[in-house]
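Participant: I need the structure of the sequence given here:
(2 chains)
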Amino acid sequence: MDYTKIGMNKKEYTEYVESKADKSSILKNCIIAFIIGGLICIVGQIITDIALNYGLDKKTAGTISSISLIFIGALLTALKLYQPLGKFAGAGSIVPITGFSNSIVSPAIEYKSEGLILGIGANMFKVAGPVLVYGIGSSVILGLIYYIFNIFM
Amino acid sequence: MKIGKHTIVFENTPVIISTGSAVGPKEKGGPLSKYFDTSVEDVYFGEKTFEKAESKFMAEAIDLAIKKAELDIHKIDYMFAGDLLNQCISSGYTARNLGISFFGLYGACSTFAEANILAASFVNAGYAYNSIASASSHFCASERQFRMPLEQGTQLTPTSQWTVTGSGATLIAKADENNKKIYPHISMATPGKVIDLGIKDIANMGAAMMPAAFDTIITHFEDTNRTPDYYDLIITGDLGILGSKLLKEQLKNYGYNIDNNHIDCGVKIFDTNAQDTAMGGSGCGCSASVFCGYIYPMLKEKKINRVLFIATGALMSPVSLGQGESIPGVAHAVVIEN
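Facilitator: You can find the predicted model right below:
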């Protein structure tokens, strides 16, 4: 592109911009993510322990914990509290299952204005969709490998 | 009349007889709060959706401009307007209720300058007596179109910018013996080329648009044989803190120092430390509302007399970014003088 007078090619310009731009603080973000992510997991553990205490088996207690966390994530999203939490905690609140819940509820709120079917229905999985497609897809492949492996072993 | 490579001189000096500005809550809480004609606490502006709200902001700005000029709406010949939403719905739906012949424009955040250049051209040529130029943007409506859902919990990238919720409108009229003395006029324009230096990060629009601003400013100075000190203010639209820094640095390397008289609408409209807006404001409504609310009154009161206004736009879409394209920028310059 020789018609601009800036005297830099694309590569030089990209490097120049990167040298001047503020970067996210990785260390700080990691520490905050560790603490908040850990706290969310502690909440999950508490729910599991309570369920175990009521005499449920380990698997059911784990399921109850997941469902409860998904509910809490959805509720906080609807109350507009998950966004500020996420802004502070970053990966700490995206990675746990509450983040998954947030990624489904937030587009649902957003697309309400386009109606129940083409709005909420069509867009609810806009953010979580890729996770579901590749999460479920890869577990199917792994399942097949496991199945075939078992036949021959 | 055309001079140099790309600069237009409006020899009939179309005058800006009034402006209107309307902004949302975040802008209301910002440092320029008191300058805007209308500022509201409600992001919906009493409407049901963000898109309808954006239209209402534009309608409000246009209505204010017409009312302030004490002009009958039937006297407005054309309206040049644009926004960021797909198919320019904010502008189209605003025009639906106005009954003014309508030109819908898309220049991303450069739209406001584009609209003023075209409106001034029509008036200068005698095709119109009065023309409206307007642009709008809405944070919530833009976020859902370009980025992630509002309630999704993600972090702000340090180089990102915050789309302004608001609109501005100018009313440009044919100059006559009387209004010439009172109102500032649009004397020149330098429409810009589309320039892309390979930035792909949607969270760094200032850097993506800077080369376009740089090119337009240099073209303007070379075409007019002017230097930066000719102007009381050199105003960029929404380069933000980083883009402005890069622009000043590169212009200095080229031999033009704009350190003393440069301001950026995106930097001015928010207090980034208190309002958490990273590099500052952006969006069509940013330069439109700041020009109409803050800059124009200073010109009219003759506190400043010569202004070079450069609105910058990033011409990408979520589709082009998804296909791995980089972000092209464009910048249009308008000279407003007393």
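Participant: pull up the residues of chain B that are close to chain A.
Facilitator: Contacts of chain B with chain A, taken as CB under 8 Å from any CB of the partner chain, map to B:48-51, B:144, B:148-159, B:193, B:195-199, B:204, B:207, B:211, B:214-215, B:218, B:242, B:245-246, B:250, B:253-254, B:326. In this view, the C-beta of every residue, glycine as well, is placed from N, C-alpha and C.
Participant: looking at the residues you listed, which are in helices?
Facilitator: Mapping those onto helices (DSSP state H) picks out B:50-51, B:144, B:207, B:211, B:214-215, B:218, B:242, B:245-246, B:250, B:253-254.
Participant: how about the helices in chain A?
Facilitator: So, for chain A - with DSSP H - the helices run A:10-20, A:26-53, A:58-78, A:82-89, A:91-94, A:97-110, A:122-123, A:129-152.
Participant: possible to save these as CSV with mean pLDDT, distance to chain B and mean neighbour count?
Facilitator: Listed next are the helices of chain A as CSV, based on pLDDT from 0 to 100; distance: least, CB to the nearest CB, whole Å; neighbours: other CB atoms under 10 Å in any protein chain shown:
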stretch, mean pLDDT, distance to chain B, mean neighbour count
helix A:10-20, 91, 3, 15
helix A:26-53, 95, 7, 15
helix A:58-78, 95, 5, 17
helix A:82-89, 92, 2, 20
helix A:91-94, 90, 5, 22
helix A:97-110, 93, 4, 23
helix A:122-123, 92, 9, 16
helix A:129-152, 94, 12, 10
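Participant: closest one to B:D276 among the ones you listed?
Facilitator: Among these, helix A:82-89 comes nearest to B:D276, with 8.3 Å by CB to CB.
Participant: which secondary structure elements does that closest one contact?
Facilitator: Here helix A:82-89 touches helix A:26-53, helix A:58-78, helix A:91-94, helix A:97-110, going by 3 or more CB pairs under 8 Å, 6 or more residues apart in numbering or on different chains; DSSP states H and E.
Participant: where does B:Y183 fall, phi/psi-wise?
Facilitator: Backbone torsions for B:Y183, taken as degrees, to the nearest 10, come to phi -110, psi 150.
Participant: tell me how many other residues crowd the closest residue to it other than its chain neighbours.
Facilitator: What sits nearest to B:Y183 in space, not counting adjacent residues and going by CB to CB, 6 or more residues apart in numbering or on different chains, is B:V15, at 4.1 Å. Residues lying near B:V15 (other CB atoms under 10 Å in any protein chain shown) number 23.
Participant: drop anything exposed from the ones in helices among the residues of chain B next to chain A.
Facilitator: B:F50, B:E51, B:R144, B:A207, B:P211, B:F214, B:D215, B:I218, B:L242, B:K245, B:L246, B:Q250 (16 or more other CB atoms under 10 Å in any protein chain shown).
Participant: please parse chain B into its domains.
Facilitator: Annotated domains of chain B cover B:12-173, B:184-337 [automatic domain parsing].
Participant: centre of the chain to the shortest one, how far?
Facilitator: Think domain B:184-337. Counting by CA atoms, centre = their mean, to the nearest Å, domain B:184-337 is centred 9 Å from the centre of its parent chain.
Participant: and the end-to-end length of stretch B:125-141?
Facilitator: Using CA to CA, to the nearest Å, the end-to-end distance of stretch B:125-141 comes out at 36 Å.
Participant: before we move on, back to that, would you list the buried ones among the ones in helices among the residues of chain B next to chain A in JSON lines and tack on pLDDT?
Facilitator: Listed next are these as JSON lines, based on pLDDT from 0 to 100:
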{"residue": "B:F50", "pLDDT": "95"}
{"residue": "B:E51", "pLDDT": "95"}
{"residue": "B:R144", "pLDDT": "86"}
{"residue": "B:A207", "pLDDT": "95"}
{"residue": "B:P211", "pLDDT": "95"}
{"residue": "B:F214", "pLDDT": "96"}
{"residue": "B:D215", "pLDDT": "95"}
{"residue": "B:I218", "pLDDT": "96"}
{"residue": "B:L242", "pLDDT": "95"}
{"residue": "B:K245", "pLDDT": "95"}
{"residue": "B:L246", "pLDDT": "95"}
{"residue": "B:Q250", "pLDDT": "94"}
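Participant: so which of those is the closest to chain A?
Facilitator: Nearest to chain A among those: B:A207, at 4.2 Å, using CB to the nearest CB.
Participant: that older thread, so which of the domains of chain B gets nearest A:L81?
Facilitator: Taking these one by one with CB to CB, domain B:12-173 is closest: 9.2 Å.
Participant: part of a strand, is B:A133?
Facilitator: Yes: remark: B:A133 belongs to a strand, assigned using DSSP: H, G, I helix; E, B strand; the rest coil.
Participant: isn't there a strand covering B:A22?
Facilitator: Yes: the assignment for B:A22 by three-state DSSP puts it in a strand.
Participant: residues contacting it?
Facilitator: B:A22 is in contact with B:36-40, B:57-58, B:60-61, B:64, B:166-168, B:289, counting by CB atoms under 8 Å, 6 or more residues apart in numbering or on different chains.
Participant: against chain A, how distant is it?
Facilitator: Taking CB to the nearest CB, to the nearest Å as the measure, B:A22 falls 21 Å from chain A.
Participant: for that residue, name its beta-bridge partners.
Facilitator: Counting by DSSP bridges, B:A22 is bridged to B:T38, B:S167.
Participant: on the pLDDT front, check it for me.
Facilitator: pLDDT for B:A22: 97.
Participant: do the same with the one 5 residues further on
Facilitator: At B:E27, the predicted lDDT confidence score is 95.
Participant: that one touches B:V164, doesn't it?
Facilitator: Yes: using CB atoms under 8 Å, B:E27 is in contact with B:V164, at 6.1 Å.
Participant: so which of those two has more stuff around it?
Facilitator: B:V164 (36 against 29).
Participant: list the contacts of that one.
Facilitator: Going by CB under 8 Å, 6+ apart, B:V164 touches B:23-24, B:26-27, B:137, B:139, B:238, B:266, B:269, B:281-283, B:285-286, B:289.
Participant: closest to chain A out of those?
Facilitator: Minimum distance to chain A across those is 13.0 Å, recorded for B:F139 (CB to the nearest CB).
Participant: count of neighbours near the closest one?
Facilitator: B:F139 has 24 nearby residues by other CB under 10 Å.
Participant: one more: B:K303?
Facilitator: A total of 9 residues lie near B:K303 under the criterion other CB under 10 Å.
Participant: show the contacting residues for the residue lying closest to A:F71 once chain neighbours are set aside.
Facilitator: Of all residues not flanking A:F71 in the chain, A:S101 sits nearest, at 7.7 Å (CB to CB, 6+ apart). For A:S101, the contact set (CB under 8 Å, 6+ apart) comprises A:L69, A:I70, A:F71, A:I72, A:G73, A:A74, A:T77.
Participant: and for B:I327?
Facilitator: B:I327 neighbours (CB under 8 Å, 6+ apart): B:D196, B:I199, B:K200, B:D201, B:I202, B:M205, B:A208, B:M209, B:A314, B:L315, B:M316, B:L321.
Participant: with neighbour count and pLDDT added, can I get those in JSON lines?
Facilitator: Output for the contacts of B:I327, formatted as JSON lines (neighbours: other CB atoms under 10 Å in any protein chain shown; pLDDT from 0 to 100):
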{"residue": "B:D196", "neighbour count": "21", "pLDDT": "94"}
{"residue": "B:I199", "neighbour count": "25", "pLDDT": "93"}
{"residue": "B:K200", "neighbour count": "14", "pLDDT": "92"}
{"residue": "B:D201", "neighbour count": "18", "pLDDT": "91"}
{"residue": "B:I202", "neighbour count": "16", "pLDDT": "90"}
{"residue": "B:M205", "neighbour count": "31", "pLDDT": "93"}
{"residue": "B:A208", "neighbour count": "29", "pLDDT": "95"}
{"residue": "B:M209", "neighbour count": "34", "pLDDT": "96"}
{"residue": "B:A314", "neighbour count": "24", "pLDDT": "95"}
{"residue": "B:L315", "neighbour count": "19", "pLDDT": "95"}
{"residue": "B:M316", "neighbour count": "21", "pLDDT": "93"}
{"residue": "B:L321", "neighbour count": "15", "pLDDT": "91"}
